[in-house]
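> model the following, please.
(2 chains)
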Amino acid sequence: MTAIHIDNLDVSYGETQITHGVSIDVEEGGSFALVGESGSGKSTVLKAIAGLAPEWRGTIEIFGRPRSHGIDPDFARTCQMVFQDPYGSLHPRKTVDATLMEPLNIQGLSDHNERIAAILKDVGLDNRFRFRYPHQLSGGQRQRVAIARALIVEPKVLLLDEPTSALDVSVQAEILNLLKRLRRERGLTYLMVTHNLPIVSFLCDRLAVMRGGRIVETAGAENLKQGHLQNEYSRELLALSAPPAV
Amino acid sequence: MSGPLLVVENLKVTFPSPSGPVDVVKGLSFQLGRERLGIVGESGSGKSMTGRSILGLVRAPGKVSATRLEFDGIDLLRQGEKGMRAIRGARISMVMQDPKFSLNPVMTVGEQIAEALVAHKRLPRREIAARVRAMLEAVRINDPDRVAGLYPHEISGGMGQRVMIAMMLIPEPDILIADEPTSALDVSVQAQVLDIIDDLVRNKGMGLILISHDLNLVAHYCDRVLVMNAGRVVEDCAASELKNAKHPYTRGLLAAQPRLDETRDELPVIDRTTWSAA
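As a prediction, this is how the structure comes out:
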């Protein structure tokens, strides 16, 4: 079944149109990457899906259900987002417990205590972190909290906006492993934005290359691994991320 | 060729904390000739503090001490603020991470580059203009006369970083310290900026200290690499030998990076308990 169906999506900020006719389909359980340089509109696509960029035309459907232009709690229940910078995306004056409580209250879910304990365990955080504030956590721990915050309402689709670009290499490896395990265990569908092609190779099975608000190429991850991208610009990106001969 | 340009012996940087002083750099020693040295490490490893302490930019309450900190025979620790000002910029200069925050927003690009030159040398106005123009050309800005009249908000990040490099190199320093010069830039511009630095440093026979968290990048652009962890150097090797690194931390860092032709199901995670107890 198609988990994410986006057809001919045009997103604008005021008078400026950012994306032009973006179409993506992601199968249930799939992991899809949007790559490109800054300003290519890749994050804007995610924002439109999450409801943070309300000026769009076209179709956004999750599991066959179209998204409305307004705030949509039912939609949020199935589709959650993890942001780039864990230093900016957690409320500095809320404990981890309060941060995780909020989505439960919004969605009207019960068993708060058990759910929070379970999700913390699932993202690899000890229970003693539950009543800490973000400033008492490291970057990797914060990103784990952000992932827990997204997963606590048991969504089926996770939107990931450069989830590891603010983290150190060794911490990045931990978070990537975590994301891979969670996807396998919970049958999640990922739509990830990144400019780092090796991460795509590790975590995703398909990718789309964006430039100037348009998708210039869609390919399978095997093509990426073997260096068989067709579009000239995609090949340029690939050449830039190939490890230099040491 | 005489002795090394820069000698650092047993460098320590200390900050006070509620639980007593904390050493963020713990006895670092290295020498730099007219070569390209890379310092790699993760956040908090002390790599940026090392760069800053050479230029006397560690602010109070931070304290710098060393058995020796010599540049071209000058003891940097004994220099007062005035003495340091004569060295900073003119003989050792530093490219910062983000051009957005490091350029003066209310001065044109040309004025800022000229200021870097005039601060250290009296020159006729015509020659200043000519040197600014030549410098902008050297950092591969196509239309130097137009760009010199622009303000920082009118240029892109990559161009901003090239302007920073122009500013830092126009007094013709002996050593350039580049602290994460490309981490605020797009992948597509990164290589361009680093190639420019590389070119200029080689042509002028300067010493380069490239500070970065990116092992591949440092291995590609440097002759020698220091890997830092928790304030100490754990690996000191030729860039070409990095693949055969011995220390578990360096090996862990190398292995933890996903590869383009990734086949591993799980990335190895650094086991910090094996050596950090020491």
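> who's in contact with B:Met168?
Counting by Cβ atoms under 8 Å, 6 or more residues apart in numbering or on different chains, B:Met168 touches B:Gly89, B:Ser93, B:Met94, B:Val95, B:Ala116, B:Leu176. C-beta here means a position set from N, CA and C on the backbone, and glycine is covered the same way.
> same deal with A:Ser40?
By Cβ under 8 Å, 6+ apart, the contact set of A:Ser40 is A:Met210, A:Arg211, A:Gly212, A:Gly213.
> and for A:Leu46?
When the contact criterion is Cβ under 8 Å, 6+ apart, the partners of A:Leu46 are A:Leu34, A:Met81, A:Leu159, A:Asp161, A:Leu191, A:Val193.
> residues of chain B that sit close to chain A?
Taking Cβ under 8 Å from any Cβ of the partner chain as the test, the list of chain B residues beside chain A reads B:42-43, B:186-188, B:190-191, B:213, B:215-216, B:219-220, B:239-240, B:242-243, B:252-253, B:256-270.
> try 7 Å
B:42-43, B:186-188, B:191, B:213, B:216, B:219-220, B:240, B:242-243, B:252-253, B:256-262, B:266-267, B:269-270 (Cβ under 7 Å from any Cβ of the partner chain).
> in the chain, which helix is the longest?
In the absence of a named chain, chain A is used. Residue-count comparison of every helix in chain A, with assignments taken from DSSP state H, identifies helix A:169-186 as the longest.
> ah, I was thinking of chain B
Using DSSP H to assign secondary structure, the helix with the most residues in chain B is helix B:187-204.
> and it, what does it pack against?
The contact analysis (3 or more Cβ pairs under 7 Å, 6 or more residues apart in numbering or on different chains; DSSP states H and E) places helix B:187-204 against helix A:232-241, helix B:157-169.
> so after the longest one, what's the next helix or strand?
Read that as helix B:157-169. Per DSSP states H and E, the first helix or strand lying C-terminal to helix B:157-169 is strand B:175-179.
> tilt between that following strand and helix B:187-204?
Using axes from the mean of the first three to the mean of the last three Cα atoms, to 10 degrees, one finds that strand B:175-179 and helix B:187-204 are set 170 degrees apart in direction.
> direction included, what does strand B:175-179 pair against?
Strand B:175-179 has the following sheet partners, assigned by DSSP bridges: strand B:92-95 (parallel), strand B:207-212 (parallel).
> how about JSON lines for those, with distance to B:Val7 added?
As requested, the strands paired with strand B:175-179 are exported to JSON lines (distance: least, Cβ to Cβ, whole Å):
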{"stretch": "strand B:92-95", "distance to B:Val7": "13"}
{"stretch": "strand B:207-212", "distance to B:Val7": "12"}
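> just the strands in chain B please.
Listed in chain order, the strands found in chain B under DSSP state E are B:6-15, B:22-32, B:36-40, B:63-65, B:68-71, B:74-75, B:92-95, B:175-179, B:207-212, B:224-229, B:232-238.
> where does the prediction get shaky in chain A?
A:242-246 (pLDDT under 70).
> what's the domain layout of it?
A:1-25+A:51-70, A:72-192 (automatic domain parsing).
> longest strand in chain A, please.
Ranked by residue count, the top strand of chain A under DSSP E comes out as strand A:2-13.
> in its sheet, what does that one sit against?
strand A:16-17 (antiparallel), strand A:22-27 (antiparallel), strand A:56-62 (antiparallel).
> report how many residues lie close to the closest residue to A:Ile6 other than its chain neighbours.
The shortest distance from A:Ile6 to any non-neighbouring residue, by Cβ to Cβ, 6 or more residues apart in numbering or on different chains, is to A:Ile24 (4.5 Å). Neighbours of A:Ile24 under the rule other Cβ atoms under 10 Å in any protein chain shown: 19.
> so who does A:Ile24 touch?
A:Ile24 makes contacts with A:Ile4, A:Ile6, A:Phe32, A:Ala208, as judged by Cβ atoms under 7 Å, 6 or more residues apart in numbering or on different chains.
> could you dump those residues to CSV with neighbour count?
As requested, the contacts of A:Ile24 are arranged in CSV below (neighbours: other Cβ atoms under 10 Å in any protein chain shown):
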residue, neighbour count
A:Ile4, 23
A:Ile6, 22
A:Phe32, 22
A:Ala208, 21
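> just those residues now: which is nearest B:Pro16?
Using Cβ to Cβ, A:Phe32 is the member of the contacts of A:Ile24 that sits closest to B:Pro16, with 49.2 Å.
> got phi/psi on the closest one?
Backbone torsions for A:Phe32, taken as degrees, to the nearest 10, come to phi -120, psi 140.
> whatever residue of the stretch 51-200 of chain B ends up closest to chain A - nearest residue in space that isn't next to it in sequence?
With distances taken as Cβ to the nearest Cβ, the stretch 51-200 of chain B approaches chain A most closely at B:Asp186, which sits 4.4 Å away. The shortest distance from B:Asp186 to any residue other than its chain neighbours is 4.4 Å, reached at A:Glu37 (Cβ to Cβ, 6+ apart).
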